[in-house]
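[1] Everything below, folded, please.
(2 chains)
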There are 2 protein chains.
Amino acid sequence: MTLSFTLQAQDGAARAGMLHTAHGDVSTPTFMPVGTAGTVKGMTADAVRATGAGIVLGNTYHLMLRPGAEQVAALGGLHRFMDWPGPILTDSGGFQIMSLAGLRKLDADGVTFRSHIDGSAHRLTPARSMEIQHLLDATITMALDECTPFPATHDQARTSMALSLRWAALCRETFVPRPGYGLFGIVQGSVFADLRQTCSAALTAIGFDGYAVGGLAVGEGQEAMFEVLDHSVHQLPAEKPRYLMGVGTPDDLLGAVERGIDMFDCVIPTRGGRTARAFTSHGVLNLRNAAHAADPAPLDPACPCPACTRHTRAYLHHLFRAGEMLGPMLLTWHNLTYYQSLMRGMRAAVIERRLAAYAAHTRQNWQPRTS
Amino acid sequence: MTLSFTLQAQDGAARAGMLHTAHGDVSTPTFMPVGTAGTVKGMTADAVRATGAGIVLGNTYHLMLRPGAEQVAALGGLHRFMDWPGPILTDSGGFQIMSLAGLRKLDADGVTFRSHIDGSAHRLTPARSMEIQHLLDATITMALDECTPFPATHDQARTSMALSLRWAALCRETFVPRPGYGLFGIVQGSVFADLRQTCSAALTAIGFDGYAVGGLAVGEGQEAMFEVLDHSVHQLPAEKPRYLMGVGTPDDLLGAVERGIDMFDCVIPTRGGRTARAFTSHGVLNLRNAAHAADPAPLDPACPCPACTRHTRAYLHHLFRAGEMLGPMLLTWHNLTYYQSLMRGMRAAVIERRLAAYAAHTRQNWQPRTS
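    Reported below is the predicted structural model:
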């Protein structure tokens, strides 16, 4: 019996649910912090847990190159390696090969590329992606796909989507099911409603343990992204979890949950944390700004994280100005805590069927004050 | 009533004691992690506490330039600024001006210099050093001195020491006593026994709440340093704490405690933690070494820190190879934990009058295995 999903409540298209896995349950909607190379940058595993995260993401591309999937397996799997006994989702490797690797060449059977670390040659196929994610011991394995670049013509998007579909079938065949583990398929089709519909139907026919919406957050803009969600999310099986890949800002998360998405991952809160960009219940701040130099107020009075309960904005500003590691550490902690509190807030609102009010109130608080 | 010191036990020249301050008690011998710019690099204040540290050090030079002593005071002092309610010792600023600042010029009344950050002009005098440390709210204030460079002729060392003595008297006059706070004098005199003796006697006549041995760990080598301690530590008042500035390796700490030192500070464990250099009960390791790439063993099985209880040597190696912040974070945590466990071990051994055996056993374990 693979991982399962319980749909607990609905409010319009929005959903609250529970993902049951071999490594524990995760309430949805959920945001997965990105643990690229076996670590959420700047965070101990204890700190990640303290933010309220229930599941983290690992990057197949990074881990297959360093330390290597076989190495991680020999050390007991990614959970033990990074001290995260909870659920882990790994991506397929395809997206990062196309964005990071050198001399990459896509063919009908897979992709050949050179490591961005040492230039060594590698090949990833649907079967090898399944094998790597198995070696990593991923709770949730993602099918290997081609993330269609944006913009794409209808023809380009159709050809690309057809390749992803063929690979999805190969992934389904080679994935080794284990109790409480699962394989997700990925819907492509760019911004074209007919292609998204074809892809969703074909993936559903193959049958996956969850469905991801891929090929978004690649430059199309929030409006186009929401439009795609509006016309395509409802085509996915209601009884399976839905994952919007690589999204997004807090406002993106609100809009996507309102449109029926259950799972997210994004580097925005962690990358922002390293570059002094703070996400708070009162909007976005840049802590390098001189306005914060003497400010004794907490970053976000509503936040329970150490950056907010122990320190002033002036101290956080000082840490970034002085180039101290503790600045990125504390702000990553804060941003992830804020993201998790937003997810918890949306979940509670869905359960109580007041998501519209919660979203309006949250967006209102993000507006700059006019005092 | 300024801070006080209780001498609890002696074993040969070695001592175990308790420092009573406005910000709590500290058992000695004690090692003070260096919190240069209001943060122990790579550590939250909670993590520093978890290593067992009882007192930390702040650098006057760094803090007076950024964010500024008046700024720290306006934010409630360094304790609140960095979330360290325990005791804090600040250095006088003199040592780092001479090693870091630009266009520095020493005269009879103080030192004029340019900030290494923005080139701005500053002046530090004994009175201003006292004022800055007061503004920072330092539990222990250090007198402004000139750290005599090594090597120095007897004449150079005498002239330099005389300047430091005159400044020490000015510091004593301008220091504002508060209950549970204190001012330490600093013995100079390079490696010359007669100068050290003269300086110790003169400082004792002025009267300080503790005495530091300065001008060591500046290139003279461990043997010469221990020789200076052998002939000079006993000249300091037995009822006051003794602080060896800027020292050192674990072996330095063992030897200095054996010679009657109570307090230490050094960047070795923190800087080492950022550069993959691990101090363990079985000696020093470099975690970048390929030998650790597949090693499932903990870094130090005897250590209770997260790096050792949650992770493998292979994982720590991976983090340093991948350039992940978590490598420096975990290894700093480990090194500070090891240093604190060494101090606790020495203290217990002094109390039970078995320091010689403890030191021999500890040094034996540091030797490379011949297996």
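[2] in the helix or strand containing A:Gly345, what's buried?
    A:Gly345 belongs to helix A:326-351 when elements are defined using DSSP states H and E. Residues of helix A:326-351 classed as buried by neighbour count (16 or more other C-beta atoms under 10 Å in any protein chain shown): A:326-343, A:345-347, A:349-350. (Glycine included, C-beta is placed from N, CA and C.)
[3] which of the residues you listed come close to chain B?
    Among the buried residues of helix A:326-351, proximity to chain B is found for A:326, A:328-330 (C-beta under 8 Å from any C-beta of the partner chain).
[4] residues from the stretch 151-300 of chain A in reach of chain B?
    The stretch 151-300 of chain A comes close to chain B at residues A:293-294, A:296, as judged by C-beta under 8 Å from any C-beta.
[5] Of those, which qualify as buried by neighbour count?
    The neighbour count (16+ other C-beta under 10 Å) marks A:Ala293 as buried among these.
[6] Tell me, how many residues neighbour the residue nearest to A:Ala302 when sequence neighbours are not counted?
    Distances taken as C-beta to C-beta, 6 or more residues apart in numbering or on different chains place A:Ser281 nearest to A:Ala302, at 4.8 Å, with adjacent residues excluded. When neighbours are counted by other C-beta atoms under 10 Å in any protein chain shown, A:Ser281 registers 16.
[7] my guess is A:Ser281 meets A:Pro304, correct?
    No - assessed by C-beta atoms under 8 Å, A:Ser281 is found out of contact with A:Pro304, at 11.8 Å.
[8] quick one: secondary structure of A:His20?
    Counting by DSSP: H, G, I helix; E, B strand; the rest coil, the backbone at A:His20 sits in strand.
[9] need the contact list for it.
    A:His20 makes contacts with A:3-6, A:180, as judged by C-beta atoms under 8 Å, 6 or more residues apart in numbering or on different chains.
[10] go again using 10 Å as the cut-off
    By C-beta atoms under 10 Å, 6 or more residues apart in numbering or on different chains, the residues touching A:His20 are A:1-6, A:26, A:87, A:180.
[11] Grab the nearest non-local neighbour of A:Leu326.
    Spatially, and ignoring its direct neighbours in sequence, A:Leu326 is nearest to B:Thr39 (4.4 Å; C-beta to C-beta, 6+ apart).
[12] Can you mark which positions in stretch A:245-260 are buried?
    Buried-residue list, stretch A:245-260, by 16+ other C-beta under 10 Å: A:245-250, A:252-260.
[13] can you tell me which of the residues you listed lies nearest to chain B?
    Closest approach to chain B among the buried residues of stretch A:245-260 (C-beta to the nearest C-beta): A:Gly246, at 20.9 Å.
[14] hang on, that closest one in a strand?
    No - counting by three-state DSSP, A:Gly246 is located in no strand; its state is coil.
[15] Give the full set of residues in contact with it.
    A:Gly246 neighbours (C-beta under 10 Å, 6+ apart): A:34, A:91, A:95, A:147, A:212-218, A:252, A:264-268.
[16] quick one, strands of the stretch 51-200 of chain A?
    A:56-58, A:88-90, A:102-107, A:110-114, A:121-124, A:140-142, A:182-187 (DSSP state E, counting those that start in this stretch).
[17] right, and these - which one's nearest B:Val187?
    For these, proximity to B:Val187 was assessed by C-beta to C-beta; strand A:56-58 is nearest, at 53.1 Å.
[18] what about that closest one and chain B, any contact?
    No - shown here: strand A:56-58 not in contact with chain B (C-beta under 10 Å from any C-beta of the partner chain), separated by at least 12.7 Å.
[19] Show residues contacting that strand.
    A:31-40, A:43, A:45, A:48-49, A:72, A:78-79, A:81-82, A:84, A:86-91, A:133, A:136-140, A:142, A:245, A:263-267.
[20] Pull out the buried residues from these.
    With neighbours counted by 16+ other C-beta under 10 Å, the contacts of strand A:56-58 contain buried members at A:31-40, A:43, A:45, A:48-49, A:72, A:78-79, A:81-82, A:84, A:86-91, A:133, A:136-140, A:142, A:245, A:263-266.
[21] which residue packs closest to the residue in the stretch 151-300 of chain A positioned nearest to chain B, ignoring adjacent ones?
    At 5.7 Å from chain B, A:Pro296 is the closest residue in the stretch 151-300 of chain A, using C-beta to the nearest C-beta. Leaving aside its chain neighbours, A:Pro296 sits nearest to A:Thr312 (4.9 Å; criterion: C-beta to C-beta, 6+ apart).
[22] give the contact list for that neighbour.
    Neighbouring residues of A:Thr312 by C-beta under 10 Å, 6+ apart: A:292, A:294-299, A:318, B:75-76, B:80-81, B:83.
[23] And A:Gly210, by the same measure?
    Listed by C-beta under 10 Å, 6+ apart, the contact set of A:Gly210 reads A:2-3, A:5, A:19, A:89, A:140, A:142, A:182-186, A:236-237, A:240-243, A:262-263.
[24] 8 Å - rerun?
    Contacts for A:Gly210 (C-beta under 8 Å, 6+ apart) come out as A:3, A:5, A:140, A:182, A:184-185, A:240-243, A:263.
[25] cool, and A:Ala138?
    By C-beta under 8 Å, 6+ apart, the contact list for A:Ala138 reads A:58, A:78, A:88-90, A:181.
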